[in-house]
Each structure stands twice: as structure tokens, then as C-alpha cells.
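Q: sequence and predicted structure are below.
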Amino acid sequence: MCKLFSKVTLRLVVFFYIASFAATTYSQALFDPANLIFEITLPSEAEAELTASDEVATNEAYIALIDSVELYQSAINDIQLATNNPYNFELLEEYSDLGDAYKSLGQHDAAISSYDNAIQITKIQNGLYNLDQLPLLQKTIQSYLSLGDMDNAALWQEHRHYLHLKNYAATDPAMVVATFALTEWYIATFFRNNFQSANQKLQMIANMTPHQSRTFARLIENESIADSFLANPNQAQFDNILNGDIRRINPRDIEHPLLLKVGGIYEELQESIYASEQPDIGSIIQTARRIAELSFITKQEMDFERQYPNFNVNYINSREQLYRNSQQRLDQSYDSGRNALQYIVSLLKDVEASPRLLASALVELGDWHLAYGKIQTAETTYQEAYNVMASMGIPTEAADEAFNDPIPKQIPRMATHMFTRRSSGISSDANLAYQGYIDVSFNIDGQGNIEDISFGDSSPDEAREIQRFIESSLRMAKYRPYFNNGDLINSERINLRYHYAY
């Protein structure tokens, strides 16, 4: 009884100190922009929740974790000797807790091994495809992320999705959520490897660019096509790619395989949902939002490429570059997302959904228009949202307050944005240790653009290196402007604190 009491007590101590010690070990990691995450607060907010604990607490946490490892290992040995069964169900909690302790110590290989032992026990006890192993899979994935082992993290993400397939129908809400978790992972992998890569260049361009230079004449088989191309390269390039007049050209050639895979998953999901006897409206809406998110990545690629030009001589003026940066490709991106979000609005009207849901969907559609610079269309859509809120008895001043967040958010809201938990594949409830912060101030004009960026207090030394990533992401982003009596206006000076982890 005494030993059991001390064991439980130690678990509580470890839980209490786990965040503080993890913060210390995490802060020793080398800076890698692929892992960079910003959490944004107002400067006036308390920092306690976003900073590491003091050194004394950290030392106590370290001692507690070391002791816990020995305790769990001892308990495992005792159970195995007593039962002569390496897969005894009592071992499940011990291996899981041992993995948590190793993970908190930064010993992720040992953590993964412990989680794997726990997973094997759940398979022996509850079957190969039991869902009890899902929390252990998630912890394993996070440890692989900490090790920078993206390949194994991806394998476990896909296995997690496979377990859901073995337990749920394709249109079951739980299955839909799992499908979105997988596509989020694919998109995060794309962001880490391209937008957040060490050299801040789109890595996919390096893969699509030929190793030997290609002349214009070698690409074009027909002189009339060449003349058309020279007269209007965007339109001609786009048309010639789509109709096959340019040899061996396919629009898929310039899209990342992961994004194509995500598009295929959404297409299959849509077909499954609509083919079901009672299509779930929530799943339909969320799928449409995800399609818009995927469409927006095209614009993000184009904005990124303009900010970070690729000077590879084999890429400049190539068919890939001209198509990737064509107005037609941007228009397709806009149309695809607009149609998806407009469908949500129409669906909510048809089913007579609550005015709050409809107003929210209209605001999201307005954000989409604004993100592409369609100012007048955005204003019209926002006004429709205000009209819906007015029908609920909400005065304009209250609607303004609802839309004007103290901490402005990038638009469109459903999209993945750089240097966020979502773009890094980190779960929303994962404990992060923040190495420092940078105070940033700027204005947002009536069209959603960031103006007059300046930096204030920061800590510690590497903040200057982080600063350029903040500035870069701000200049490529759009933010919803502030509303006054329903009209878009320039903001007053906005002051924010960017806490960063990597």
C-alpha cells in the first residue's frame, strides 16, 4: 500500500512539473524555421502561461522525472515476474507513463519504444484494430516530430487513419474527422517542406525544374502557338497546357503530390457523403471548407514565390514558372474556394439554419473575397452578414464588436497559415515551451493589408533572426479590417506580442 501510494503521488508530481521541464529541454533545441510556431497575445496579458518556470522548479521536475523512470521500470519488472506475461494488461499504464516520462526528458527514442510496447499490449488484449491505441499513436507521432523524423511520423499518421477505416464507415462523423486529421498532416508536411523550409524557397520548384536548360523552341512544336505565346504568355501558356498543344505538359506537373493527394481524398469523401442515405450537413460543410483551404494554397504559393523569387536559370521563363504564376491559375484558385463557400451559404439558407451560422458563413465568404482583393464583393457580402445579424435584433454596434477581434486573425480563417501549430503538424493541446517573444506593431488598412510594421521589446538574442520571419509572414498575409457601422476602416495602431517556439 505504501509503495502504491508513493507511486501515485509521484505521478501527480511528474504531471505538475512536466511542462516546466519540457520547456527547459525544448529551449536547447537548434533553431529550425520548419518547426517555428508563433502564439500571439496582447502585450498586456500575463506571460506566465507562455514562459518556462524558474530554475528551482525545473531542477525539481528533472529529479521527479528521473525518479519516475526508475519507478515505472521497476513496476514493469515486478508485474512481468509476477504474471510471467509480457502483455499483461496491467503493463499498459506503466508503459504509457514511462513513455510520458521519457518524452518529458527529451528522450524520444526511449519514449517511442515505451509507447510501442503499450500499443502491442492493446492489440493483444483488444484486437489489432482497437481504438484504445489512438492516444498512444498520437504521442508517438509527436515524439517523431520532436526527432525531426517526418517519414515515420507520416507512417503513423496514415496508420491512425487506417484504424478509423477499420472501425467506421467512410461517412461516419468520426471517420470524417480522422480523414481531416490526415489531410491536415499532408498539408502541414507541405508547409514545413516549402514555406517553412530552411532556405525559404519552394522546394517543389527544385523538383520540377529540369537539370538541363530548355529553350523556348524545344518546348513549342507549332510556330503559331509560339507567336500566340509571345503575344500573351499567360493566356497562351494556360490554354496550351490545358489542351495539350505543348508537348508533355500537364497541370499536375506543377502541383505538389501531397496536395493532389488531398484533393483526391476530398473528392472521394464528397462522393461518399452524397451517396449516403442521410448526408450529414456538418460533414458537407466541413468538406467544403477544406476544399476552400486547399484552393487557397495556390494563392499562398504564388504570393510566396513573388516574395522569394527563384533565380534558377532553368526555371526562369520556363513553362512551369509561367503557368504557376498565371492569372488564370489564380482565378481558378479564387473560383474554387468561392464556389465551395458560396455553397455553404446556400445550403444553410435551404435548411433554414440558425441566423448565427448563416452570418458566420457569410463573413467567411466575405473574407475569401477580401483575401483575393475583391473589395466591393467583400463589402457586399459583409453587409449581407450584418443584415442577417440585424434580423436577430443585434444592433450594428454589437455586430462591429463581434467582428473586431482584439487580436486580428489572418484571413481566410479556414486556411492553414505559416508558422502556426496547424502548419507545423502540432496538435492544439500540445504543451510548447516558448524561447522568447517579440513585440510587433502595425496598421491594417481598409483592404486587409498590413502597413507600417515596427518591432519593440524582444528576448533573447535570436529574436532578431525570428523577426524576419514575422515580417515576411505579415507582408504576405491578409487580415480582416476593422468595422465601423458595418463599413471597413483602417485600424488604429495594433500592438501584439509574438511568442515563439521551435
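A: Right, received. Where do you want to start?

Q: sec struct for Glu451, please.
A: Following DSSP: H, G, I helix; E, B strand; the rest coil, Glu451 is assigned to strand.

Q: ok, it to Asn443 distance?
A: According to C-beta to C-beta, to the nearest Å, Glu451 stands 5 Å off from Asn443. Using the backbone N, CA and C atoms, a C-beta is placed for each residue, glycine as well.

Q: got it, and Leu496?
A: Taking C-beta to C-beta, one finds Leu496 at 12 Å from Asn443.

Q: same check on Lys166?
A: Taking C-beta to C-beta, one finds Lys166 at 52 Å from Asn443.

Q: who's more crowded, these two?
A: In this view Lys166 and Asn443 are compared by other C-beta atoms under 10 Å, and Asn443 has more residues nearby, 14 against 11.

Q: helix or strand for that one, which one?
A: Asn443 belongs to strand 436-444 when assigned by DSSP states H and E.

Q: buried ones in that strand?
A: 436-440, 442, 444 (16 or more other C-beta atoms under 10 Å).

Q: show me what secondary structure element comes after the helix or strand hosting Asp151.
A: Element membership for Asp151, per DSSP H and E: helix 150-167. Next helix or strand after helix 150-167 toward the C-terminus (DSSP H and E): helix 173-193.

Q: pLDDT averaged over that next one, what's the number?
A: Helix 173-193 shows a mean pLDDT of 94.

Q: do stretch 482-492 as well
A: Here the average pLDDT along stretch 482-492 is 90.

Q: just curious, which of the buried residues of strand 436-444 is nearest to Gln307?
A: Closest to Gln307 out of these is Phe442 (16.8 Å), distances taken as C-beta to C-beta.

Q: show me the contacts for the residue nearest to that closest one when sequence neighbours are not counted.
A: Leaving aside its sequence neighbours, Phe442 sits nearest to Ile453 (C-beta to C-beta, 6 or more residues apart in numbering; 4.7 Å). Contact analysis of Ile453 by C-beta atoms under 8 Å, 6 or more residues apart in numbering lists 440-442, 471, 474-475.

Q: now render these as CSV, adding pLDDT.
A: What follows is the contacts of Ile453, written out as CSV (pLDDT from 0 to 100):
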residue, pLDDT
Val440, 96
Ser441, 96
Phe442, 96
Glu471, 92
Leu474, 93
Arg475, 90
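
Q: so which strand or helix has the residue positioned nearest the centre of the chain?
A: Nearest to the mean C-alpha position of the chain, by C-alpha atoms, centre = their mean, lies Arg422 at 2.3 Å. According to DSSP H and E, Arg422 maps onto helix 421-424.

Q: show me what that helix is packed against.
A: If you count contacts as 3 or more C-beta pairs under 8 Å, 6 or more residues apart in numbering; DSSP states H and E, helix 421-424 packs onto helix 173-193.

Q: quick one, helices of the stretch 351-500 of the chain?
A: 355-371, 375-391, 396-403, 421-424, 463-476 (DSSP state H, counting those that start in this stretch).

Q: picking that back up, show me the two of the contacts of Ile453 that sit farthest apart.
A: Most distant of the contacts of Ile453, by C-beta to C-beta, are Ser441 and Arg475, 14.6 Å apart.

Q: contacting residues around the closest residue to His164 other than its chain neighbours?
A: Nearest residue to His164 in three dimensions, chain neighbours excluded: Ala178, at 3.8 Å (C-beta to C-beta, 6+ apart). Residues counted as contacts of Ala178 (C-beta under 8 Å, 6+ apart) are 160-161, 164, 168.
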